[in-house]
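Colleague: Everything below, folded, please.
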Amino acid sequence: DVVVTAGQLTEIDASLSGEFTDMDEFVVQDALKLSRGTEAALLQLRLDSPALMDSISADVMSKAGASDAAGALRLVAGASVQDGKSAVIRGMPDRYVSSQLNGVRLPSADEDKRAVELDQFPAAAIDSIQVSKTFTPDQQGDASGGAVNIRLRGVPAEPWLLRFKIEGSNNSQVTGRSDFLTYRGGGVHAWAKDGGDRAPQDDRLGRSWRGAAGVSRSEAPVDYKYSGAMGGRHQLWDGVDVGGLLSVFYERDSAGFDGGKDDSYWVESPGDPMTPKTSQGTVKEGDFKTSLFDVTQGKQSVQWGLLGTVGLESKHHKVSLSYLYTRTAEDTATLAEDTRGKHYFFPGHEPDDGTTPGHEDPDAAPYLRLETLEYTERSVGSLQLSGQHEFPFARRGFFLGPKIDWVASRSTAEMAQPDKRQFGSLWLPGRIVGPLYLPPTHRQFKPAANFTLGNLQRIWKSIDEESEQYATNLELPFEQWTKTQGSLKFGWFRDDVKRTFDQDTYSNFDDNSSYAGEFGEFWSARFPGEDHPISESLFDVDYQGRQTINAWYAMLDLPLTRTVRAIGGVRFEDTRIGVVNDPEESATWFPPGSVAPTRLNPGDADVNFQQDDALPAVALVYTPFDWVTLRASYSETIARQTFKELTPILQQEFLGGPVFIGNPGLKMSSLRNHDLRLDLTPLEGSLLSVSWFDKDIDGAIEYVQKIASFDYTTAVNYPKGQLSGYELEARQKLGALWEGLDGFALGANGTFIDASVTLPADEAAGFADPSINAPMTKRDMTNAPTHLYNFFTTYELKTIGTQLALFYTVQGDTLVAGAGQANGNFVPSLYAKEFDTLNLSVSQALGPHMRLQFAAKNLTDPTIRAVYRSEYIGDDVTKTSFTRGVDYSLSLTGEIRF
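Modeller: Residues are numbered from 1 along each chain as shown. The predicted structure follows:
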């Protein structure tokens, strides 16, 4: 015992024994600082979400070599990308997928669909991509296939953050070439903004216009990119932080190919093999054209943008203001030459030998040359003000403190296509006619048998779309009888979209000139110096479109027991779509039921569509163990028409090209969705998952070919559509299985899809007609791949900072266009063939703040093919083919946090 006297010190010597206990390493991490862009956070979000959710993190995007949101989406189980831009989830294309930015629905400047072009969002601005595959009432009602939410980088957790990246790259088919396809005056401006050189030359109407008419060759451009970010967080006063982030990015890229194909075939008589499609005459008449094109293309682009975010946070409140702007310019030169048509119908034809077959029939399948110069500018801007608030009120009965979140946004999407040029020529070899020698000659090739139309078109097109969106959600958490927390949620949503479409077309009308020269001499090179007066077309139709969506919902998340949750509710949506046309004086349209064009007067073809929907959703979540989650859900959703699909006017990308006529009677589609998923997380860093899904579609919107005084395409409601399939997913950090494999991770996922639609009675009758004799009552659904595979392996050696990653993806056969008819002949369905992609990245840390990375993308470099396919034609017949080449890049990244 030690006695201590009051007011005095007492010194005592004591010793402690040297015993200790050896414990395993334990890492403490602040959960609030766990970035939503990490794999661990996204896996937890997947398990906690009321919807079936998959995600991809910024780290995985970097390792996989994904340069933008479109490239990253391909890594998600069941996801693919249409035309390299728009999302397809579980085989459901853009109209069934809601694409969002920080939860905000975005406008689109796509002419043909209301799909957000995901290639406009670079990886430098993305924190993660979250894909919800089932509908819950707090989501958009058209999220039938899923909702793709691009989460932007937010305010950093550190007081200061500085990040930069510089990269140089090359393509095996482009870099270093001196014969890169372009044109005089072509290319992209450093800031993706035309300097005015492509403005309409209205002061020269009735005279020849300046500017290249066709392609030329030049040095290939240099590809590079860089990005930078700076931001931080600071404490204003106790418990209140303010922060911000500014990120900028810039990229120049190029692509191209030689040896591409674009061939058109049909079946003229039932049972016959496919033969080249003919136009502007028939084989019997001896004056006709074919479409068996060899294609060369060169493409160069520039993209830049910025992301700015500022925020104010306290323990229970958060308000942030974000602005994203991206701008892209793309310039594409395409050369398409048809020499194979002549050789098909006249085997042994030699243009320099007048004794060979075909010279006696010069107008039968002549050599053709099409040259297209297409410059496009696109931009997206989104200003978003949002807030999240928790009110820690005293408990009232079962209810805890309420939560409110809200967002107000204004977004724009713009597309400008100034001075798109298309030049067509046909070539006749020199020949002797009686005592005369006719030299080789280039003549005008007009896109249609219309002798008032010239062979040069110059088109100005612009699409501007603005969106104002407001949304608020009120959540009332509560504790039920097992002391488990649930919630009652209400919300309101409004999205008001306005679109302006404008097109002006010019051509050398009533011009029947020619040029004497060999086929290797390009008439387009001489054309600008000749006299070819340009006039304005009076057939264009501009329009103003508006779509307004108002929605309200109620949703209950109720724990029935400690292991079972029930989630259900209903969303009420009001859809209004209106189109007001502004026709030029010679514009025509097709009134419903008419097979002949009629003069279009203002107001004749305007559209006013309205529909109200109640969309229920119910789900059960069963969690018998912490590592087992079973989900089952049922929901009802819708799919909307586009402005273009509703307007019954003659719409052409260029005069004489394919014709599309909208259908004012087109209805919205309705869907019934069934989903089941089992997630297992038995070990650290592991996931095993199996999913089944089924979708029944009433009034599926599909495109068909109709026959009037000419063939055209329109949109119709098919009676039924059905899509079902299943997904398998597995990933594991191998260090959890054996310490010797620490740093290794493996993963794979596969999606298998069976999708079909039932044909309308009139279309089925057309295929059963004896002149076609290709009976069918069902076909595959467009844009739904038969399967999707992803495999990856990563390795990280932390001691020296080395990382390796290998990603392999496969997309199965996909229907691009259903079977149709042309001039009374059968045109089989068009399928995109299966293709694969292999990406490799190797990176090395250079000290604590720098990293060097080498990446190779598309190492398999497959031939991208589309084929005609039908049980009535035997083997597949190639429609299009090309290759993309292999991309190599070397980048240096720096990051300082303090």
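Colleague: going forward, measure contacts between C-alpha atoms and count neighbours the same way
Modeller: Noted.
Colleague: and after the helix or strand bottoming out on mean pLDDT in the chain, which helix or strand comes next?
Modeller: Taking mean pLDDT, DSSP states H and E as the measure, helix 39-48 is the helix or strand of the chain with the lowest mean score, a mean of 64. Downstream of helix 39-48, the first helix or strand assigned by DSSP states H and E is strand 53-57.
Colleague: for the next helix or strand after that following strand, the distance to its chain's centre please.
Modeller: For strand 53-57, the following helix or strand on the C-terminal side (DSSP H and E) is helix 58-64. Put simply, helix 58-64 sits 19 Å off its chain's centre (CA atoms, centre = their mean, to the nearest Å).
Colleague: Just the CA coordinates for helix 58-64, please, in CSV.
Modeller: Output in CSV follows, covering the C-alpha atoms of helix 58-64 (Å, rounded to 0.1, in the frame of the first residue of the first chain):
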residue,chain,number,x,y,z
ALA,A,58,-12.6,5.3,-61.8
ASP,A,59,-9.7,3.0,-60.8
VAL,A,60,-11.0,0.1,-62.9
MET,A,61,-11.7,2.5,-65.8
SER,A,62,-8.0,3.6,-65.7
LYS,A,63,-6.7,0.0,-65.6
ALA,A,64,-9.0,-1.1,-68.4
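Colleague: I'd like the next helix or strand past that helix.
Modeller: Defined by DSSP H and E, the subsequent element after helix 58-64 is helix 69-73.
Colleague: Identify each buried residue in whatever helix or strand comes next after that next one, please.
Modeller: Using DSSP H and E, the helix or strand that follows helix 69-73 in sequence is strand 79-82. By 16 or more other CA atoms under 10 Å, the buried positions in strand 79-82 come out as 79-81.
Colleague: Please verify my assumption that residue 154 contacts residue 245.
Modeller: Yes: between residue 154 and residue 245 there is a contact under CA atoms under 8 Å: 6.8 Å.
Colleague: For the two, list the residues in contact with both.
Modeller: residue 309 (CA atoms under 8 Å, 6 or more residues apart in numbering).
Colleague: Next secondary structure after the host helix or strand of residue 688?
Modeller: Using DSSP H and E, residue 688 sits within strand 686-707. Going down the chain from strand 686-707, the next helix or strand is strand 711-733, by DSSP H and E.
Colleague: Now do the helix or strand just after that following strand against strand 711-733, angle only.
Modeller: Sequence-wise, the next helix or strand downstream of strand 711-733 (DSSP H and E) is strand 744-758. Here strand 744-758 runs at an angle of 150 degrees relative to strand 711-733 (axes from the mean of the first three to the mean of the last three CA atoms, to 10 degrees).
Colleague: Please compute how far the next helix-or-strand element following strand 744-758 lies from its chain's middle.
Modeller: Per DSSP H and E, the first helix or strand lying C-terminal to strand 744-758 is helix 761-768. Put simply, helix 761-768 sits 33 Å off its chain's centre (CA atoms, centre = their mean).
Colleague: partner strands of the lengthiest strand in the chain, parallel or antiparallel?
Modeller: When the chain is parsed with DSSP state E, its longest strand is strand 403-428. Strands that pair with strand 403-428, judged by DSSP bridges, come out as strand 367-390 (antiparallel), strand 441-444 (antiparallel), strand 456-479 (antiparallel).
Colleague: Using CSV, lay out the ones you listed together with mean pLDDT, distance to residue 580 and mean neighbour count.
Modeller: Shown next, in CSV, are those (pLDDT from 0 to 100; distance: least, CA to CA, whole Å; neighbours: other CA atoms under 10 Å):
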stretch, mean pLDDT, distance to residue 580, mean neighbour count
strand 367-390, 96, 24, 21
strand 441-444, 95, 37, 21
strand 456-479, 95, 15, 21
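Colleague: I'd like these as a markdown table, with distance to residue 530 appended.
Modeller: Conversion of those to a markdown table gives the following (distance: least, CA to CA, whole Å):
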| stretch | distance to residue 530 |
| --- | --- |
| strand 367-390 | 18 |
| strand 441-444 | 14 |
| strand 456-479 | 13 |
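Colleague: pLDDT (mean, whole number) over stretch 90-106?
Modeller: Mean pLDDT, stretch 90-106: 88.
Colleague: do the same with stretch 527-534
Modeller: Stretch 527-534 comes out at a mean pLDDT of 93.
Colleague: in it, what's buried?
Modeller: Buried-residue list, stretch 527-534, by 16+ other CA under 10 Å: 527-528, 532-534.
Colleague: swap in stretch 176-196?
Modeller: Result for stretch 176-196 [16+ other CA under 10 Å]: buried residues 180-183, 186-188, 192, 194.
Colleague: quick one: which of those residues is nearest residue 792?
Modeller: Nearest to residue 792 among the buried residues of stretch 176-196: residue 180, at 34.6 Å, using CA to CA.
Colleague: how much space between that closest one and residue 258?
Modeller: 10 Å (CA to CA, to the nearest Å).
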